[in-house]
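K.L.:
Please work out how this folds:
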Amino acid sequence: MNRGHITGRLTAIIILILLGLPAAAGTISFKADSMSGNTGSGQETTILSGRAWISTDDIEIHADRIELSGSNYDIITATGNINGTNSDSGITFSSDRLSYDRRTDIIKLEGNVTLIDTENDVNAKAYLIEYNQKTETAVLQMNVKLVQKDSVCTSALATWRKDEKMLEMSGSPKIVQKDDVFTAQEITFNLDTEEITLDGKVRGTVTDTDDSSETGEESE
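P.N.:
Alright, predicted model coming up:
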């Protein structure tokens with residue numbers, strides 16, 4: 001790109017080979033109805049508008065508007081009808097807003113966020129999710145709801161460790177498994193074994209399907 005302002009109608013995928021960057025930076029491919037941008041002082045900016053699409057080595061993002069910024073196009077932000085895929089982890093996502101730092105491999109999703117892990121049959125929703133691709137760890141905040149098979153987990157805050165298949169919840173956490181309900185101050189849930197660990201003000205209701213009896217217990 002030349003210095004100054006550029007605009008253009010993109011009718012095909014444009015590939016940017018980012019010369020002089022570390023190998024991990026890789027190649028960025030993108031397309032959109034229109035593009036504008038500028039360069040100078042080591043702070044390049046490119047804005048894609050209208051049916052915008054961008055693909056890096058492991059992430060693919062669709063949105064109404066996508067902006068690339070930073071000296072090496074390290075920062076990607078997007079707004080409007082966002083959906084995307086992480087090909088390495090097999091995770092798909094959607095949200096109202098997105099920011100992705102290619103240096104740290106951290107994606108921040110905000111507003112009506114949904115994160116789906118098809119491999120482990122996990123569907124997670126929250127107002128804000130920060131996902132670290134290096135550690136495959138997601139931090140979920142506000143109106144958290146994670147569903148796997150018959151387990152529905154809700155809380156104000158949760159940390160989901162994908163590789164370890166562990167979910168750590170706090171802030172009025174609750175797990176509902178069909179007719180069984182578990183609450184505590186903190187809950188750890190193994191998504192693989194379905195083992196539940198409750199800590200602090202523990203309450204539970206378990207239904208015996210054999211004789212329809214119901215028990216509940218509380219620990220302060």
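K.L.:
Specify the beta-bridge partners of D199.
P.N.:
Residues in a beta bridge with D199, per DSSP bridges, are E186.
K.L.:
need the contact list for it.
P.N.:
The contact partners of D199, taken as C-beta atoms under 8 Å, 6 or more residues apart in numbering, are A184, Q185, E186, I187, T188. The C-beta positions use only the backbone N, C-alpha and C, and glycine is treated the same way.
K.L.:
mind putting the residues you listed in JSON lines, neighbour count and pLDDT included?
P.N.:
JSON lines is the format used below for the contacts of D199 (neighbours: other C-beta atoms under 10 Å; pLDDT from 0 to 100):
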{"residue": "A184", "neighbour count": "22", "pLDDT": "95"}
{"residue": "Q185", "neighbour count": "14", "pLDDT": "96"}
{"residue": "E186", "neighbour count": "16", "pLDDT": "97"}
{"residue": "I187", "neighbour count": "23", "pLDDT": "97"}
{"residue": "T188", "neighbour count": "17", "pLDDT": "97"}
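K.L.:
In a markdown table: these, plus distance to T104.
P.N.:
Shown next, in a markdown table, are the contacts of D199 (distance: C-beta to C-beta, whole Å):
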| residue | distance to T104 |
| --- | --- |
| A184 | 33 |
| Q185 | 31 |
| E186 | 28 |
| I187 | 29 |
| T188 | 26 |
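K.L.:
Pick out whichever of those residues sits closest to S55.
P.N.:
Of all the contacts of D199, S55 sits closest to T188, with 36.2 Å by C-beta to C-beta.
K.L.:
That closest one in helix, strand or coil?
P.N.:
With DSSP: H, G, I helix; E, B strand; the rest coil as the basis, T188 sits in strand.
K.L.:
Look up how far D199 lies from it.
P.N.:
8 Å (C-beta to C-beta, to the nearest Å).
K.L.:
Identify the bridge partners of L48.
P.N.:
Beta-bridge pairing of L48 under DSSP bridges involves M35, I66.
K.L.:
for T79, same thing?
P.N.:
Counting by DSSP bridges, the residues bridging with T79 are R65, R97.
K.L.:
which residues touch it?
P.N.:
Going by C-beta under 8 Å, 6+ apart, T79 touches A63, D64, R65, D96, R97, L98.
K.L.:
Likewise for K108?
P.N.:
For K108, the contact set (C-beta under 8 Å, 6+ apart) comprises L98, S99, Y100, L128, I129, E130, Y131.
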